[in-house]
Each structure stands twice: as C-alpha cells, then as structure tokens.
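Trainee: let me see the structure of the following:
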Amino acid sequence: MTTTTLAVLVPLLPFLGAAAGLLLGRTAPGFVRPLAVLPTLAAFVLAVLVAARQGGGRAVDSATEFTPTGSVPIELALHIDGFAALVAVLVGLVALCVQIYSTGYLRDDPRYPSYAALVSLFTSAMLLVVYSGDLIVLLVGWEVMGICSYFLVGHYWETPEARAASIKAFLVTKLGDVPFLIGLFALGTDAGSFRITKILGTVAGGGLHHPTLIALLLLAGVAGKSAQFPLHTWLPDAMAGPTPVSALIHAATMVAAGIYFIARLLPVFQASSAAMVVLAVMAAVTMAGSGFAALAQDDIKRVLAYSTIGQLGYMTGALAVGERGAAVFHLLSHGAFKALLFLAAGVIIHAAGTNSLAAMSRMKDLRARVPDAYWTVTVALLALAAIPPFAGFFSKESVLGAAEHVATGHTEHAPGAAGWIVLLVGLFTALLTASYATRLWLLAFRGHGAEAPDHGKQPLAMNAVLWVLAVPSLAFGLAYGVLPDWFDSRDLTPTLITSVLGTGLALVGGLVTYGAWRHTTALAGRIPLGAVAAHPEADAGLVEAEAIASHEPAYGEVAYAHDPADPGRLLLGPLHRHAAVGFHLDAVYDALFVRPVRAGASLVRFLDREVVETYVRGAGALPRLLGAAVRRAQTGNVQTYVSALLAGTVVLAVAALLVATGA
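Mentor: Prediction:
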C-alpha cells in the first residue's frame, strides 16, 4: 500500500467511525465504544506508518482536480512533510487517549454516542487540515472543527454556562474566520492556485502582490482559532464542556490548527516585515496577559485554559521570529503535557466531588485519593514550567533561543524588533508560568478546602491514559537532536544564555509562589475559616488579614474565606481583581459589539413590527373592507335585489335625461 493511500485512510477512518456511531448509537449501543476507539486507533497506527515512511525526507505530494472552476482550480491534494507527519501522529495519539478516557469518564452519560461520534469527526477534520495540500480542502477541515467544537462545548446543554460558552466559542472564532476566508481567496488569486506548494513557489519568486494585507487577514483567523489576543476570550469559557473535550481542543487539535497553518505558510508572512512585527506583538500580549490571568483563576480548568493561551503565544512568538521548527517542536511537546493536565484534571474533579468545574479553593489534600493524577500532574507541571530535563524545557528554550538569535542579529529570518519583543516577554512569561503551575500544584494537592465525599476509584481507562501521556511529557524533549531532520534542518539545541535565564526565572517564580503560599497558610491558620463568609462585619481581624493578602481592603472577603491560603492574591495584589476577569476584555467587547448589535436588532425588530407590519396590515385592510361591503350587499333576498335593480334603473334614467337636456 502506497504512502498516499495510507495518508488518505488516516482522516477517512475516524470519519467513517463517526458516521457509523451516529447511525448505530440508538439501535446498537453495544457498538458505540468500539466504533469510537478502534477507528481512531487505526488512524493513529497509520499516521505512525506514514511518518515512518516519510522519515523527514522529501515531502509526499499528490493531487487531483476536484472540479473545474473556470479560474483558480480546487484540488484534492496531499502535502506531507516532516511537520505534517509528526503533527498527525500527535493528533492521533491525543484523540485516541481522549476516546479511551471518555469510555470511563462518560460511561453513564446518555449522550455518549453522539459525543463519541463528534470527537471522531473532530479528529478527522484536524487530520484533514494537517495532511491537506490545498487551502480550500484545508478550509473544510477548519470549519468542521468549528462546528464540532460548538456541539462538544455545549454537550451539557442543560446548563446555561455550557450553552453560552458554545455560542461564544462559535461566534468569536467565526469573527476571525470571515477575514481569514477573504485572505485565502486573495492569496489564491495572487498565486493563481490554492495549492500550498504553488503558493510558496509564487512567494519565493516575489509574485505576491499584497503580502501585508493577505498576512493580516489570515492572522485574524489564526487569532480566533488558536485563541490569541484579542480573540482568545472564548477559550476559558469553553471549560464548561466535558473535560476530555478540553484536552482534545486545547492540546493537539483545534487551537493548534492556527499555529500549524502559519508554520505551513510562513514564507507568506515573512514577505511582510509589518506582519511579522504584528505577530510578535500579538504573541507578547497573549503570553503576558494569559500568565497574569492564570495566576488569578480559582477553577483548575480555567487555569489550564489560560495556560494553553500562553503556550500558544510562545508558538506564535517562534513563528514571529521565523523559526517554524521551534514552533512545531513546542506544539508537539505542549500537546502531550497539556492533554495530560486536562485529563488529570478530570480525575481530580471526580475526586473533588464536583460536576464539570473544580474550584481549587475547595480541594483538600487530594494526594492520597488520586495518586496517579498526583504523580502525572507533577510531571506535566514540571514540563509546563520548563524545568529540565522535562519536555517543555527543550521546546520552550528552542523558542527563546530562536528569539535571541534574531534579536542579536545572528539571523535575518525576521525583524530584530520582533526578536527582542518575543525574547523579553517570553522570559518574563517563564516566571509567570512557573508561578501559576506551582500555585495549581499546591492548591490542588496540598490545599485546605473542605473534604469532599469519596467517590471511589477512577476507572482503569482514565488512569492508564495519564501514564501513557506522562512518557512524552517527560522524555520527548530529548528528541531535539533528531527533529532538525524533520524541521528544515535547523538546530534546536538549547542555548546557554536563554537556558540559564529561563530556568532561573522559572525557579524564582516557583520559589516565590511557594513562599507566598507558606505565608498565607500561616496567616490562615490564625483565622477562623468561613467567619467572614458568615459575618463579614463581625471579624475585623479577618478583614485586616484579607487586606494584607490582597492589598485591597474590603475586597473579596467571601472568596478569601473559601481559600485563605491562595498565594495568587498576595502576589498579584491590586491586579488580582482585574486578572481574575481577563482584564475586562469581555466587558469591552460587550460595550463595543454586543450592545450595539443588540440595539440594532431591537431597532430592526421595532421597524419590522411597527412599520413593515403596519404597512402590510394596512394593505390588507382596504380589500377586507371592500369585501365586507360587497358581502353585505349579498343578502339572498330577491325583493331586495329587484328593488336595487329598479333604483339603479331610475338613477341611470335620470342621469341620461340630465345629460340629454344639457346637450
């Protein structure tokens, strides 16, 4: 079987599994779990075979014209280089782990059949994006992922949070997809083709007429899909969906699609220095803002969501300095340890006795109850904080090293300003990342919340998946010496300066957070927990303690009473209240977009009801009145008809006489 045939089967098998799952979900429920797991397993195995055959060598290209368009052709094309081969393996692995995990996590959910089918369809769409060699075919997978995320985030549609989150995710991503679509058409028109290889050839020959405009239009779609500032606000709210969905969307699939897209078409963006600087600024704001926001969240899944936004910012930063190898390297390692973190969060949520969200302030020393989650989360958080020798250290240092090379003028892949922006903000974000990772670990596993009832052991499928993902979270970074053969042959070895600075700042962030936690824990030990929640005015000492912890007198006493040992409030101080709500960006959007749109909708409704409907009602009233008059003349009385006839005859005779006399 040829490599092309194997590659076609990779996205096709999950699609067929999704179709079969939807058809047999009600009539043959016993087949639902095999149809969810086996096609995804087969796709993963085939993706590994495709990667082995491709081997980081020459790209596999195959195409056939889909339909004549009369202008720019649309082709069913495959383009599998080293990037595509490895990303497909990651997508298959994470999707397989999510499907296996879901068999235990959602074993009692009556809507599991539709859920499993949508996950398979989602997986198929992402694999289509990865392997596609034509931008229009890529767009199909891009949009199918969007609609699948809408249904998956809204899986618990009985809750208003899930309904609102699914609508928000759909609308915000579509807001970016509109200019993205325009950019694709402009790019195809300039290049005369939607084939990626032909577009890159056109760029290399200087045939792109509007590089800055096209790049900025495409960036809008990437910002929406990959949750980059300013279109990142949908991602934290998407935590209302099932936890395995969070792992799927936030690790290797939907949010990674935008990063992968830029990596595929990086020369298009490099053709415009302005676009590269915009990309760097977008990455910097995303990294720093999400780090502060993660440090202020109480729900464990929202912490991980903002963490995902920040790590995607690192990938965007790598692309902004022209190093797509570092970006995809971090995409691969992040996919493993972030999927592990989200799936472990599901285990913690179950142990903490909550439904879909888990407030860390209410957790109490879960180490003994979830030992598998405890150890694997520790590994994943060390990878997230970029502590050597875990995977995140090598991939994050490849990003910082690339930025340092551009900033110091050792390479001309991007403007020097972009290098300095990514380097400085990336180093600062390393400190923030280690800080919120340490806080999450302390509050989840050494917290002082209320004791939750014991819900028993988690299914084997859930715990086994955690250990599978722990292996690449620990060891994948060591592949930095092999990956250059797959990634443009550029060196990914960590550089000394950025390694020392990045690791040092990470250690400082972790140690400072631990010290703040010890301080607030000691303070909480002298305070009657819950006193302020019950009688805020009765305990001035607790209010004073709250003021010490937050530097904000009389702010958040009830929340503090839930978790008096939260170091985030002490570290952020007055910034905490703003970071906790994402720096009010949702409020800004509400004022700039939501309210005007609603006001416009109200105006349209008023005009429709009071003007258009009035006209329609008036247009129908006159014929109705005339009809009523005619109907009243039809009495059915012959004498009345004869009398009217005679009267009419007299009137006509008189009128004729008057006319004759006048003549």
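
Trainee: now do the helices in the stretch 301-450 of the chain.
Mentor: Secondary structure of the stretch 301-450 of the chain by DSSP state H, counting those that start in this stretch: the helices cover 324-352, 371-384, 391-407, 416-445.

Trainee: just send those back as a markdown table, with mean neighbour count and distance to Thr197 too.
Mentor: Quick note: C-beta positions are derived from backbone N, CA and C, even for glycine. Output for the helices of the stretch 301-450 of the chain, formatted as a markdown table (neighbours: other Cβ atoms under 10 Å; distance: least, Cβ to Cβ, whole Å):
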| stretch | mean neighbour count | distance to Thr197 |
| --- | --- | --- |
| helix 324-352 | 28 | 16 |
| helix 371-384 | 23 | 35 |
| helix 391-407 | 28 | 25 |
| helix 416-445 | 24 | 27 |
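
Trainee: which one of those helices lies closest to Phe194?
Mentor: Phe194 sits nearest to helix 324-352 of all the helices of the stretch 301-450 of the chain, at 20.5 Å, using Cβ to Cβ.

Trainee: the closest one vs helix 391-407, what angle?
Mentor: 150 degrees (axes from the mean of the first three to the mean of the last three Cα atoms, to 10 degrees).

Trainee: any idea how many residues pack against Ala522?
Mentor: Ala522 sits with 10 neighbouring residues when counted by other Cβ atoms under 10 Å.

Trainee: ok, it to Leu652 distance?
Mentor: Separation of Ala522 from Leu652 (Cβ to Cβ, to the nearest Å): 112 Å.

Trainee: same thing with Leu175?
Mentor: Going from Leu175 to Leu652 by Cβ to Cβ gives 73 Å.

Trainee: what about the two, which has more around it?
Mentor: Using other Cβ under 10 Å as the criterion, Leu175 and Leu652 rank with Leu175 on top: 18 against 10.

Trainee: just to be sure, Ala43 is in a helix?
Mentor: Yes: per DSSP: H, G, I helix; E, B strand; the rest coil, Ala43 lies within a helix segment.

Trainee: wouldn't it be in contact with Thr123 here?
Mentor: Yes: Ala43 sits in contact with Thr123 when judged by Cβ atoms under 8 Å, with a separation of 7.2 Å.

Trainee: who touches both of these two?
Mentor: Residues touching both Ala43 and Thr123 by Cβ atoms under 8 Å, 6 or more residues apart in numbering: 14, 92, 95.

Trainee: now the first one: which helix or strand?
Mentor: It refers to Pro14. Per DSSP states H and E, Pro14 falls inside helix 3-24.

Trainee: swap in the second one?
Mentor: When secondary structure is defined using DSSP H and E, the element that contains Gly92 is helix 82-105.

Trainee: please compute how far that helix lies from its chain's middle.
Mentor: Between the centre of helix 82-105 and the centre of its chain there are 17 Å (Cα atoms, centre = their mean, to the nearest Å).

Trainee: how about the helix or strand following that helix as PDB, C-alpha atoms only?
Mentor: From helix 82-105 onward toward the C-terminus, using DSSP H and E, the following helix or strand is helix 112-131. Extracted in PDB, the C-alpha atoms of helix 112-131 (Å, rounded to 0.1, in the frame of the first residue of the first chain):
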ATOM      1  CA  TYR A 112     -22.200   9.400  24.900                       C
ATOM      2  CA  PRO A 113     -22.900   8.000  21.400                       C
ATOM      3  CA  SER A 114     -23.300  11.500  19.900                       C
ATOM      4  CA  TYR A 115     -20.300  12.800  21.900                       C
ATOM      5  CA  ALA A 116     -18.000  10.000  20.700                       C
ATOM      6  CA  ALA A 117     -19.100  10.500  17.100                       C
ATOM      7  CA  LEU A 118     -18.400  14.200  17.300                       C
ATOM      8  CA  VAL A 119     -15.000  13.600  18.800                       C
ATOM      9  CA  SER A 120     -14.200  11.200  15.900                       C
ATOM     10  CA  LEU A 121     -15.500  13.800  13.400                       C
ATOM     11  CA  PHE A 122     -13.400  16.400  15.100                       C
ATOM     12  CA  THR A 123     -10.300  14.200  14.800                       C
ATOM     13  CA  SER A 124     -11.000  13.500  11.200                       C
ATOM     14  CA  ALA A 125     -11.300  17.300  10.400                       C
ATOM     15  CA  MET A 126      -8.000  18.100  12.200                       C
ATOM     16  CA  LEU A 127      -6.200  15.300  10.300                       C
ATOM     17  CA  LEU A 128      -7.600  16.700   7.100                       C
ATOM     18  CA  VAL A 129      -6.100  20.100   8.000                       C
ATOM     19  CA  VAL A 130      -2.700  18.500   8.700                       C
ATOM     20  CA  TYR A 131      -2.400  16.500   5.500                       C
END
